[in-house]
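Enquirer: what shape does this take:
(one chain, ligands or ions: 1)
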Amino acid sequence: MQSDLVCDKNGNNLNKLTIMELQELKRAFAKVFGQQATAVYFAPGRVNLIGEHTDYNGGFVFPCALSFGTYLLVAENNTATMRFQSLNIDGDMVTVGLDALMNPLPNNCWVNYPLGCIAQYIKRGMNISKGYDMLFWGNVPAGAGLSSSAAIEVVTAAVFNDICKAGYDKTELAKIGQLSEHEFAGVNCGIMDQFASAQGKKDHAIFLNCDTLDFQLVPVKLNGVKVVISNTHSPHKLDSGAYNARVAQCQLAVKQLQTVRPELKNLAQLTEAEFKQVESAITDETAHRRARHVVGEVQRTTDAVEALKKGDLTTFGQLMNQSHVSLRDDYEVTGPELDAMAEAAWKIDGVIGSRMTGGGFGGCTVSLVKDEAIPTFIEQVGKEYTAKTGLQAEFYVAEIGDGVRQVND
Ligand code: GLA
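Expert: Residues are numbered from 1 along each chain as shown. Coordinates of the predicted model:
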């Protein structure tokens with residue numbers, strides 16, 4: 001099945017899963033496991049509009065769920081094993097005994113994402129005594145920073161919520177996905193990706209306070225403007241080492257700030273003015289720049305949401321651009337490909353704002369582009385990006401979709 005879901009040169013979306021494709025998935029399940037799937041679930045990927053590397057600092061984020069994501073087909077298998085197969089990854093079926101569900105698999109196996117979620121149910125005292133067959137297929141481009149792994153985690157968490165009759169709400173499903181990432185994938189991520197995949201709502205972005213998990217769904221009404229995602233196809237991925245290093249640098253900044261503000265819990269508690277008063281307490285130069293990004297980004301996110309609510313897209317776009325610059329200079333998570341993509345976008349008439357989205361290094365930028373400028377955007381940005389990097393860009397017009405759900409046909 002096609003998994004690269006792209007838009008044509010006019011920005012028309014080519015990424016809807018048709019009923020026929022769903023039938024195709026069901027046939028694939030029958031072929032792999034020799035039985036019919038009894039249920040199908042879906043969880044989306046996400047794009048973050050603004051609020052980057054703020055989530056694990058107790059700050060605000062503003063992501064939306066996408067219309068593409070991961071499908072999980074499932075059926076009981078009357079064995080003492082869980083069997084996992086992905087149609088996106090070349091490789092054999094992975095079988096895990098029911099007595100081994102708490103152990104991560106070696107070599108960064110993709111099955112750790114779903115397995116880590118199942119383990120959370122066991123940790124919470126649920127008895128998983130039956131084996132299940134699971135087939136995954138996703139149309140989120142992998143490694144693009146659009147949360148294909150969070151989609152796998154959240155869809156698995158939703159399936160086992162029903163299997164275990166746990167009755168968890170969507171926020172709890174997001175927490176289960178995040179813990180899987182921490183404990184089975186070794187990435188100390190924040191809650192943003194799993195939260196967006198769980199709680200997303202069509203045509204809305206989620207203004208989430210990552211400290212309290214209070215959130216507001218804000219309508220994304222962009223008259224005559226679209227959210228365009230540009231994939232750098234860059235070989236540099238945000239590996240867990242670089243990500244975890246950022247998390248640790250922020251923790252160091254908090255620790256040093258506590259010498260003058262003992263009650264401080266996280267960086268997001270400081271306004272920019274307060275930060276200026278105490279920043280000299282951060283003696284580590286790198287930690288200081290990381291903290292400056294976080295404090296500024298939290299403010300930009302609040303301001304951007306206000307601007308969007310007022311219909312002031314110009315301000316929203318300027319804040320997106322500033323976010324990219326801060327992620328480039330202070331947080332150092334952009335890299336030459338994301339910078340080339342954003343810089344090319346900033347030159348185009350009709351681009352309201354453009355920035356890297358997600359963890360960084362490789363992956364995608366997100367841009368707000370006027371409808372009539374989309375063909376020029378795709379052509380010009382694509383050309384300039386290839387000239388600078390030798391890589392081929394790919395473009396998607398984002399459709400903002402709903403969060404995790406069971407799919408009934
Ligand atoms: C990754 C993580 C998120 C978040 C972003 C950066 O996507 O999974 O928790 O930290 O990076 O904003």
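Enquirer: okay, the strand or helix carrying Cys64 in CSV with CA atoms only?
Expert: According to DSSP states H and E, Cys64 maps onto strand 63-76. Extracted in CSV, the C-alpha atoms of strand 63-76 (Å, rounded to 0.1, in the frame of the first residue of the first chain):
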residue,chain,number,x,y,z
PRO,A,63,-0.4,20.9,18.3
CYS,A,64,-3.1,19.4,16.2
ALA,A,65,-3.9,15.9,15.2
LEU,A,66,-3.5,15.0,11.5
SER,A,67,-5.9,13.1,9.3
PHE,A,68,-3.2,10.5,8.8
GLY,A,69,-1.9,8.1,11.4
THR,A,70,-1.7,4.4,12.4
TYR,A,71,-4.3,1.7,12.0
LEU,A,72,-4.3,-1.3,14.3
LEU,A,73,-6.2,-4.4,13.4
VAL,A,74,-6.6,-7.0,16.2
ALA,A,75,-8.1,-10.4,17.1
GLU,A,76,-7.6,-12.9,19.9
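Enquirer: just checking, what packs against that strand?
Expert: Secondary-structure packing of strand 63-76 (3 or more C-beta pairs under 8 Å, 6 or more residues apart in numbering; DSSP states H and E): helix 19-33, strand 39-48, strand 132-138, helix 148-163, helix 192-199, strand 204-209. No exception for glycine: its C-beta is placed from N, CA and C like everyone else's.
Enquirer: what is the second one packed up against?
Expert: When contacts are defined as 3+ C-beta pairs under 8 Å, 6+ apart, strand 39-48 packs onto helix 19-33, strand 63-76, helix 148-163, helix 192-199, strand 364-370, strand 405-406.
Enquirer: and those: which comes nearest Gln120?
Expert: Smallest distance to Gln120 across these (C-beta to C-beta): 7.5 Å, for helix 148-163.
Enquirer: list the buried ones in the closest one?
Expert: For helix 148-163, a neighbour-count test (16 or more other C-beta atoms under 10 Å) marks 148-161, 163 as buried.
Enquirer: Val407 - how many residues pack around it?
Expert: 14 (other C-beta atoms under 10 Å).
Enquirer: not counting its neighbours along the chain, what's nearest it?
Expert: Val40 (4.4 Å; C-beta to C-beta, 6 or more residues apart in numbering).
Enquirer: could you do Gly138 as well?
Expert: Leaving aside its sequence neighbours, Gly138 sits nearest to Thr70 (C-beta to C-beta, 6+ apart; 3.8 Å).
Enquirer: who's in contact with that neighbour?
Expert: If you count contacts by C-beta atoms under 8 Å, 6 or more residues apart in numbering, Thr70 has them with 42-43, 45, 136-138, 140, 148, 151-152, 155.
Enquirer: so which of the residues you listed also contact the ligand?
Expert: For the ligand, no contacts are drawn from the contacts of Thr70 by C-beta under 6 Å from any ligand atom.
Enquirer: turn those into CSV, columns for pLDDT.
Expert: Output for those, formatted as CSV (pLDDT from 0 to 100):
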residue, pLDDT
Phe42, 96
Ala43, 97
Gly45, 97
Phe136, 97
Trp137, 94
Gly138, 92
Val140, 87
Ser148, 93
Ala151, 97
Ile152, 98
Val155, 98
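Enquirer: can you pull the residues of this protein lying near the ligand?
Expert: Residues of the chain lying close to the ligand by C-beta under 6 Å from any ligand atom are 52-53, 55-56, 189-190, 192-193, 358-359.
Enquirer: out of those residues, give me the two with the largest separation.
Expert: For these, the farthest-apart pair by C-beta to C-beta is Tyr56 and Gly358; their separation is 13.6 Å.
Enquirer: in three-state terms, label the residue of the stretch 251-400 of the chain found nearest the ligand for me.
Expert: Nearest residue of the stretch 251-400 of the chain to the ligand: Gly359, at 3.4 Å (C-beta to the nearest ligand atom). Local secondary structure at Gly359 is given as coil here, using DSSP: H, G, I helix; E, B strand; the rest coil.
Enquirer: isn't it up against Tyr243?
Expert: Yes - with contact defined as C-beta atoms under 8 Å, Gly359 counts as touching Tyr243 (5.8 Å).
Enquirer: circling back: contacting residues for the residue of the stretch 251-400 of the chain closest to the ligand?
Expert: Contacts of Gly359 by C-beta under 8 Å, 6+ apart are 53, 145, 238, 243, 333.
Enquirer: give the contact list for the residue lying closest to Val247 once chain neighbours are set aside.
Expert: Nearest residue to Val247 in three dimensions, chain neighbours excluded: Asn188, at 4.9 Å (C-beta to C-beta, 6+ apart). Asn188 makes contact with 56, 182, 243-244, 247 under the criterion C-beta under 8 Å, 6+ apart.
Enquirer: pull the most distant pair out of these.
Expert: Spatial extent of the contacts of Asn188 (C-beta to C-beta) is set by the pair His182 and Tyr243 at 11.6 Å.
Enquirer: got any residues that touch both of the two?
Expert: With the criterion set as C-beta under 8 Å, 6+ apart, the overlap between the contacts of His182 and Tyr243 is 188-189.
Enquirer: ok, these two, which is more surrounded?
Expert: When neighbours are counted by other C-beta under 10 Å, His182 and Tyr243 differ, and Tyr243 comes out ahead with 21 against 13.
Enquirer: which strands and helices sit next to whichever strand or helix holds that one?
Expert: Of the helices and strands defined by DSSP H and E, Tyr243 is found in helix 240-257. With contacts taken as 3+ C-beta pairs under 8 Å, 6+ apart, helix 240-257 sits against helix 285-310.
Enquirer: skipping adjacent residues, who's closest to the closest residue to the ligand within the stretch 1-150 of the chain in space?
Expert: Closest to the ligand within the stretch 1-150 of the chain is Glu52: 4.0 Å, counting by C-beta to the nearest ligand atom. Closest residue to Glu52 apart from its sequence neighbours, by C-beta to C-beta, 6+ apart: Leu327 at 5.7 Å.
Enquirer: pretty sure Ser230 contacts Val369?
Expert: No - contact between Ser230 and Val369 fails when scored by C-beta under 8 Å: they sit 9.9 Å apart.
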